[in-house]
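K.L.:
predicted model and sequence below, questions to follow.
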Amino acid sequence: MFAWVIWRDLILAWRRRADVLATLFFFIIVVSLFPLGIGPEPQLLRTIAPGVVWVAALLASMLALGRTFGNDFQDGTLEQLLLTPQPLFLIVLAKVLAQWVVSELPLVLVAPVLGMQFGLSQNTLWIMTLSLLLGTPVLSLIGSIGAALTLGLRAANVLVALLVLPLYIPVLIFGAGAIESTVNGLEPKAYLLLLGATLVLALAFAPWATSAALRISVE
Amino acid sequence: MLEVTNLGCVRGTRRLFRDLNFSAAAGELVELRGPNGSGKTSLLRIVCGLAAPASGEVCWKGKNIRTLGEQYFRDVAYLAHQNGVKDELTAYENLRVSSGIAGRSLAKSEAIDSLARVGLADRLHLPARVLSAGQRRRLALARLLSLKCRLWVLDEVLTSLDDAAMQLAREFINQHLKEDGIAIIATHQDLNLSVNRVNRVQLAGV
């Protein structure tokens, strides 16, 4: 059942490639514009890189949130999902996983390449990838709660942003902090462990909260 | 097996209905009638378990459906106004995915047979996007059949269907009731089903 939900969402995303690529291009464009706009001074670029990459990932992630449940809500398949005899939190987890693979994983893979524009060292690029790998699933999980709560509402995008941003900020601080400490020659371990902890917390609570939000939104 | 007691429904600030009572045993049909906006769809959604009633309860085999949770969903199949069909998937894929997710995986041959039964044999591998409204409704019917549920909750099942498909739908419902299934159908038209006991529920509408 889990596999069916993931397969379905991946195939649907593949057949609607344009939407998916839009998120990736947004990320690439935002990150690439900063070195061009701010100038080539290496020290300055290295200082702003962690924040720029992470904020761009965050914004791109927020843009992609509406897709998690929006399409299913409109054609009536979400109701059918709510009526299956399977635990809803598993279905939600499968959908969020598929959404992460489609929207966030490309960002994680492309980030080190973009990071080279900021003159970051090999080690820093590796930590950057790792922090995004740990942090973006949290963004997807928390974002799914906001997406579920704002289903079918007007100005849903703005509302989702308002709802999830306060919860995104710790992830941003830990993620950017990990890269920043590496740039300054310090150990990023503490930040990475905190990111890991938020991931575990998000995995434990978010699917359950999203399920409850879905049932309310569909009522 | 299905008992509805003192059911009340409120949408926004409007009270749609109150103190609604009816029941259905195996093999029985509940025909739900009423003017537009009288709360037929809301009632069906409450019976499915998608919405909570403002008052009263729905019981399945003696237990409140809100306490049964997923056990109840095993027995219920809901056909809404919307077909529950993904546009980007083909008819064949739609059927296999929806039964796979419900935990009743269909073999390839079963899926093809099912689609042939509803007259979509030559549209198997076309994306649902290119199917007409009537063909999508037929696909929704195929999905309904594949779920093999005891209780069918159907909202305007005959919408968009041509004469042949309407006859097909009647056959399926007759067959379902004969096999001790229960159906609750909201409709504007006469169903012309061959069933002995029909409970008619008329919603007044204000």
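P.N.:
Done, it's in. Numbers count the residues shown, from 1 in each chain, chains lettered A, B, ... in the order given.
K.L.:
what parts of chain B come near chain A?
P.N.:
Contacts of chain B with chain A, taken as Cβ under 8 Å from any Cβ of the partner chain, map to B:45, B:48-52, B:70-71, B:73-74, B:76-78, B:80-89, B:93, B:97-98, B:100-103. In short, each C-beta sits where N, CA and C put it, glycine included.
K.L.:
just the ones of these in helices?
P.N.:
Per DSSP state H, helices hold the following members of those: B:45, B:48, B:70-71, B:73-74, B:93, B:97-98, B:100-101.
K.L.:
so which residues of the chain form strands?
P.N.:
Unless you meant another one, I'm taking chain A. Taking DSSP state E, chain A contains no strands at all.
K.L.:
look at chain B instead
P.N.:
B:2-11, B:14-24, B:29-33, B:55-60, B:63-64, B:76-79, B:151-155, B:182-186, B:198-202.
K.L.:
would you turn those strands into CSV with mean neighbour count and mean pLDDT?
P.N.:
Listed next are those as CSV, based on neighbours: other Cβ atoms under 10 Å in any protein chain shown; pLDDT from 0 to 100:
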stretch, mean neighbour count, mean pLDDT
strand B:2-11, 17, 88
strand B:14-24, 16, 87
strand B:29-33, 20, 89
strand B:55-60, 18, 91
strand B:63-64, 12, 90
strand B:76-79, 24, 93
strand B:151-155, 23, 92
strand B:182-186, 24, 91
strand B:198-202, 13, 83
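K.L.:
need the ones you listed in CSV with distance to A:Ala156, can you?
P.N.:
Formatted as CSV, those follow (distance: least, Cβ to Cβ, whole Å):
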stretch, distance to A:Ala156
strand B:2-11, 21
strand B:14-24, 25
strand B:29-33, 33
strand B:55-60, 31
strand B:63-64, 33
strand B:76-79, 25
strand B:151-155, 26
strand B:182-186, 30
strand B:198-202, 36
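K.L.:
can you say which of those is nearest to A:Pro42?
P.N.:
Set against A:Pro42 and scored by Cβ to Cβ, those come closest in strand B:76-79, at 61.5 Å.
K.L.:
for the closest one, list the C-alpha coordinates in CSV.
P.N.:
Output in CSV follows, covering the C-alpha atoms of strand B:76-79 (Å, rounded to 0.1, in the frame of the first residue of the first chain):
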residue,chain,number,x,y,z
VAL,B,76,-17.8,1.4,2.7
ALA,B,77,-17.3,2.5,-0.9
TYR,B,78,-18.2,6.1,-1.7
LEU,B,79,-19.0,7.4,-5.2
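K.L.:
which helices and strands does that strand pack with?
P.N.:
Applying 3 or more Cβ pairs under 8 Å, 6 or more residues apart in numbering or on different chains; DSSP states H and E, we find strand B:76-79 packed against helix B:40-48, helix B:133-147, strand B:151-155.
K.L.:
same thing but 7 Å
P.N.:
On a contact count with 3 or more Cβ pairs under 7 Å, 6 or more residues apart in numbering or on different chains; DSSP states H and E, strand B:76-79 meets helix B:133-147, strand B:151-155.
K.L.:
is the helix ranked longest in chain A anywhere near chain B?
P.N.:
Longest helix in chain A, counting residues (DSSP H): helix A:189-218. Yes: Helix A:189-218 reaches chain B (Cβ under 7 Å from any Cβ of the partner chain) through A:Val218.
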